[in-house]
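Quick one: sequence plus predicted model below, questions after.
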Amino acid sequence: MPKAFRNTLLSLRDLLASAGPLAFLGLGLLALAYWWLNPNPPKTVTVATGPAQSAYAEFGKRYQKALAADGIEVVLLPSEGSSANLQLLRDGKADVAFVQGGTAARQPDDADALISLGSLFVEPVWVFYRTPASQPIAQPSSAPAAGAASAARRLGGVAQLKGLRVNVGTTGSGVPNLMDRLLKANRMEPGDVKLSHLEETPATVAFLAGRLDALVFVSAPESPMVQMLLQTPGVQLLDFAQNEAYARRLPFLSPVSLPRGVVDLAQDLPARDVRLVASTTSMLARADTHPALLTLFAQNAQTLHGGAGWFNRARAFPSVQHSELPIAREAERAITESVPLLQRYLPFWIANLIERMWLVLGILLAIMLPLSRIVPPLYQFRVRSRVFRWYGRLREVEDQMETCSAPPAELLRALDELEGQAEKVSVPLSYADELYALRNHIHLVRKKLLRAQAAGEEGGLQKQP
C-alpha cells in the first residue's frame, strides 16, 4: 500500500474517531425527534362519504383522485349520510367525513375529539313535487292514493305538504332531523305528513312511479339525483318564499336563490328564480388525524370547492365561517394563506418533512455547534499522541543513562529500537514537525549517551597501571 494512501486512511480514521461520537449523538437526536414529531403522514386515510349517487360520494371520489397524486390512498366509506358520518368519526371508523350543519345533535366531547377543516359548500333543501302536467313515468298497478290528488297543484310552502306522501331520506342522513325542524317551524307535527325513509334511488323510483308525492333532499347541486330531477318534465321545485325568515329562525340555515336558467340556459331551467334555504356542509376530522393529512385535505379543498357555483361566487369556499367546531390550524393556514414556498417547488412529502422538522433542526444545530468545537482539539490530540507516547520511552532511557542503572550498550539498543518505531509512525503533513522533533530528540539522547560512554571508557583507561 503506498505510504501516501496509508497516511490518508489514518487521517480519516482519526477524523472519524474524533467526530464520530458527535455525529452519532446528532443522528440519535434527529432520529428521536423524527419519531416524536412523526412528520410523514400515513399512506391510507378513511373518508366517510354518503349514499351512492350523492354529492358526498361524488366529492369523495374527487378527493380520492387528488390525494392519490401525493401517494395517499383514500378509502371511501359509504354511509346513510351526515348523521351517520358524524357517528363514524366518533367511533374512530373514519378519519375525515362530510357533515351537514344543523342536522345532528352535537355531543359535549365533540369539541375535543373533532375538528373542522372549514365549510366547503352549501346544501340547499330540495323539495321536489309533481305538477298537474306531470304523469307517473311508471304507472302503479293500483290507483293512486288520495294524497296524489293533493300534489297535483303548485305548492307555495312547507305548510302545503300536509297530508302528502313525502320521503325525507334515511335516519342516518340527517334530513329527517332537519325536516322535523322545518315542520315544527310551520306548527306542523310529523304525523301531519306521511313521511317515509327510503334511500335516494328507491325513493326517486317511487316518486317517478307516482307512489310518492314529494321528495326531500339536502344535497349540493353536484348530486346526480338532484341534477336529474331538476331536468325532469313535470317535476317542480318548492319555492321557499320565506327563506329569509327560516334563516332567522334556524341559525344553521342560510337563504339562497337558484337563478333562472342556471340549470340549463338553452331550455331556461328553471324558468324563474327559486328561493331556497341551505345548510353549510363542513369537512370534519378526528383531532388525532395526522396534521399533514389535514393540510392535504384543506389545500385540495381550495381546488375542489373554490370555483363559482350555483349558489356562490368563486373563492367563496372553503371558508372558516359557519363552523360549529374549532377550525384546525392546518386548515386555517391553507384557507387564509398562500401555498408555502417549499410546496411550490418540492414534492409534498419533502416539503412537509422540512416544514415540520425545521425547528428541530435549528435546535439541534444550536446544540451541535458548540459541541463541534471539541472536534479539532480531539483530532489534534489523537494525531499528536501517536508521536508523544514515544517520548515516555525516550525519557525512561535518558533517566537510566543518568543514573547508570543500565549498561550503555543496552541503552543504545533501546534507542535504536525506539528510532525504528518512530520511523513507522505516520502522521498528516501538517503534523510532520512533531515526528521530526521526536527523531531529533532521539538523536540528541544518543549523542549524549555516546559522549558519556566515551568519557567512561577514557576514565577507565586512565585508572589502569
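Structure received. Numbering: from 1, shown residues only.

what comes up buried for stretch 417-433?
For stretch 417-433, a neighbour-count test (16 or more other CB atoms under 10 Å) marks 418, 419, 422, 426, 427 as buried. All C-beta atoms are positioned from the backbone trio N, CA, C, and that covers glycine.

do the same with stretch 100-120
Buried, per 16+ other CB under 10 Å, within stretch 100-120: 100-104, 110, 114-120.

before we move on, the earlier item: narrow the buried residues of stretch 417-433 to those in helices?
Among the buried residues of stretch 417-433, the members found in helices (DSSP state H) are 418, 419, 422.

List just the nearest of these to residue 154.
residue 422 (112.6 Å; CB to CB).

Quickly note the distance from the closest one to residue 416.
Distance of residue 422 to residue 416, given as CB to CB, to the nearest Å: 11 Å.

how about the helices of the stretch 201-350 of the chain, start to end?
Listed in chain order, the helices of the stretch 201-350 of the chain (DSSP state H, counting those that start in this stretch) span 224-230, 243-249, 291-305, 329-336, 341-345, 348-372.

For residue 27, find the nearest of the ones you listed.
Ranking these by proximity to residue 27 (CB to CB) places helix 348-372 first, at 9.9 Å.

could you give me the average pLDDT of the closest one?
For helix 348-372, the mean per-residue pLDDT is 71.

elements contacting the next helix or strand after it?
Once the chain leaves helix 348-372, the next helix or strand it forms, by DSSP states H and E, is helix 375-403. Packing partners of helix 375-403 (3 or more CB pairs under 8 Å, 6 or more residues apart in numbering; DSSP states H and E): helix 3-37, helix 408-424, helix 432-463.

lowest average confidence, helix or strand, in this protein?
helix 146-151 (a mean of 39; mean pLDDT, DSSP states H and E).

Pull up the pairing partners for the helix or strand that that helix is followed by, direction included.
On the C-terminal side of helix 146-151, the nearest following helix or strand under DSSP H and E is strand 165-167. Next to strand 165-167 in the sheet, as set by DSSP bridges, lie strand 194-196 (parallel), strand 214-218 (parallel).

got TSV for the ones you listed, with distance to residue 51 and mean pLDDT too?
Formatted as TSV, these follow (distance: least, CB to CB, whole Å; pLDDT from 0 to 100):
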stretch	distance to residue 51	mean pLDDT
strand 194-196	15	93
strand 214-218	10	93
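
So for this structure, the centremost residue is which one?
residue 292 (1.2 Å; CA atoms, centre = their mean).

With adjacent residues omitted, what lies nearest to that residue?
Spatial nearest neighbour of residue 292, chain neighbours left out: residue 41 (3.8 Å); criterion: CB to CB, 6 or more residues apart in numbering.

ok, how many other residues are close to the closest residue to residue 172 other than its chain neighbours?
The shortest distance from residue 172 to any non-neighbouring residue, by CB to CB, 6+ apart, is to residue 80 (2.7 Å). Per other CB atoms under 10 Å, the neighbour tally for residue 80 reads 20.
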